[in-house]
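>>> would you be able to build a 3D model of this:
(2 chains)
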Amino acid sequence: EAGVTQSPTHLIKTRGQQATLRCSPISGHTSVYWYQQALGLGLQFLLWYDEGEERNRGNFPPRFSGRQFPNYSSELNVNALELEDSALYLCASSLVVDEQYFGPGTRLTVT
Amino acid sequence: KNEVEQSPQNLTAQEGEFITINCSYSVGISALHWLQQHPGGGIVSLFMLSSGKKKHGRLIATINIQEKHSSLHITASHPRDSAVYICAVKGRYGGSQGNLIFGKGTKLSVKP
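Next comes the predicted model:
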C-alpha cells in the first residue's frame, strides 16, 4: 500500500510569489492535515480537511489556504510569500479518528 | 506555557543504554502520538496511545491519563535510534479538536 506522497520535494520561490504544495493521502483516507515546521521551531498545525471541507485551521494568516479534491488529495497554497515561510511542510492523512500517517514533506525555501 | 512539554530537549547516550523521554500535556486529549523524525525531515509515527502501554520491538510507550504524562522508553539503544522524538497530542475540545499539538522534540544521539 502506497503511503502519503507529497510534491514537490523541494521548492524555491522568491518573496512575494505564490507556492503550491500537493499531497496525496493513503488510499481510502478521507482526512488530510497540513503542518509547518520552520527552522528552529516545532511542528505547527496549519489546516485540516475532511471530505472536501475545511474542518479546522491553525493560527496562520489567510494567505495560507488550501483545498481538498473529490479524490481526497489536497493542495496547500501560500500567497505573497515571506522569508519566514521557509519551512518543511508536512502532510498527513487519516481514515479513522486519531491515527495519522505522515508524508515525506516539501521543503519550501523563500529567497 | 506550552500545552505539550517534553524533556529532556537533548539527550546523548552510549550504545546499549536504556533511554527515557518524557512528555507532559495540559489539554484534554483523545490520543497521544510519539513520532520519530530523522535528519532530512521525514516523520514516522511510532505509537498512538489513549491509555496504558504499547510495545514495539525495543520501544515502549506508556501514558497516564490522570497525570497527563507519557513516557517513551528505548531499551538497548543503538546509534540508528539517533533522531528527534516528538510527542504530539490530539486535542479533544474546542479549537484543538482534530489537530495535533506538538512538543518541541527531544534530540537523541546514541554514540557507539
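>>> okay, CA-based contacts and neighbour counts for the rest of this
Fine.
>>> identify the residues contacting A:Asp50.
Neighbour list for A:Asp50: A:Thr30, A:Ser31, A:Val32, A:Gln68, A:Tyr72 [criterion: Cα atoms under 8 Å, 6 or more residues apart in numbering or on different chains].
>>> if you could redo that for B:Ile19, that was the one I meant.
Here B:Ile19 is in contact with B:Ala13, B:His73, B:Ile74, B:Thr75, B:Ser77 (Cα under 8 Å, 6+ apart).
>>> quick check: residues of chain A near chain B?
Proximity of chain A to chain B, by Cα under 8 Å from any Cα of the partner chain, involves residues A:33, A:41-45, A:48, A:56, A:88, A:98-105.
>>> returning to that earlier point: just the buried ones from the contacts of B:Ile19?
Neighbour counting by 16 or more other Cα atoms under 10 Å in any protein chain shown classes B:Ala13, B:His73, B:Ile74, B:Ser77 among the contacts of B:Ile19 as buried.
>>> and the residue lying closest to B:Val84 once chain neighbours are set aside, how close does it get to chain A?
Among residues not flanking B:Val84 along the chain, B:Lys107 sits closest, at 4.3 Å (Cα to Cα, 6 or more residues apart in numbering or on different chains). Distance, B:Lys107 to chain A, using Cα to the nearest Cα, to the nearest Å: 12 Å.
>>> quick one on the thing from earlier: which of the contacts of A:Asp50 ranks first by neighbour count?
For the contacts of A:Asp50, the largest number of neighbours (other Cα atoms under 10 Å in any protein chain shown) sits with A:Val32, at 31 neighbours.
>>> what about residue 9, neighbour count?
As the question left the chain open, I've gone with chain A. The burial count for A:Thr9: 15, using other Cα under 10 Å.
>>> not quite, go with chain B.
16.
>>> could you export the buried ones among the contacts of B:Ile19 as a markdown table, including distance to A:Ala2, secondary structure and pLDDT?
Output for those, formatted as a markdown table (distance: Cα to Cα, whole Å; DSSP: H, G, I helix; E, B strand; the rest coil; pLDDT from 0 to 100):
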| residue | distance to A:Ala2 | secondary structure | pLDDT |
| --- | --- | --- | --- |
| B:Ala13 | 35 | strand | 97 |
| B:His73 | 29 | strand | 98 |
| B:Ile74 | 28 | strand | 98 |
| B:Ser77 | 30 | coil | 97 |
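>>> just those residues now: which is nearest B:Ile101?
The shortest approach to B:Ile101 among the buried ones among the contacts of B:Ile19 belongs to B:His73, at 20.9 Å (Cα to Cα).
>>> look up the pLDDT of the spatially closest residue to the closest one that is not a sequence neighbour for me, please.
In space, not counting the residues next to it along the chain, B:His73 is nearest to B:Thr20; the distance is 4.5 Å by Cα to Cα, 6+ apart. B:Thr20 is assigned a predicted lDDT (pLDDT) of 98.
>>> and B:Thr20, helix, strand or coil?
Under the three-state scheme (DSSP: H, G, I helix; E, B strand; the rest coil), B:Thr20 adopts strand.
>>> surely A:Val39 meets A:Ala87?
Let me fix one detail, which is that residue A:39 is Leu and not Val. Yes - with contacts counted by Cα atoms under 8 Å, A:Leu39 reaches A:Ala87, the gap being 6.2 Å.
>>> more neighbours, the two?
Higher neighbour count among A:Leu39 and A:Ala87: A:Ala87, with 21 against 12, using other Cα under 10 Å.
>>> tell me what that one is bridged to.
Counting by DSSP bridges, A:Ala87 is bridged to A:Ala38, A:Leu108.
>>> please consider this matter closed, and thank you.
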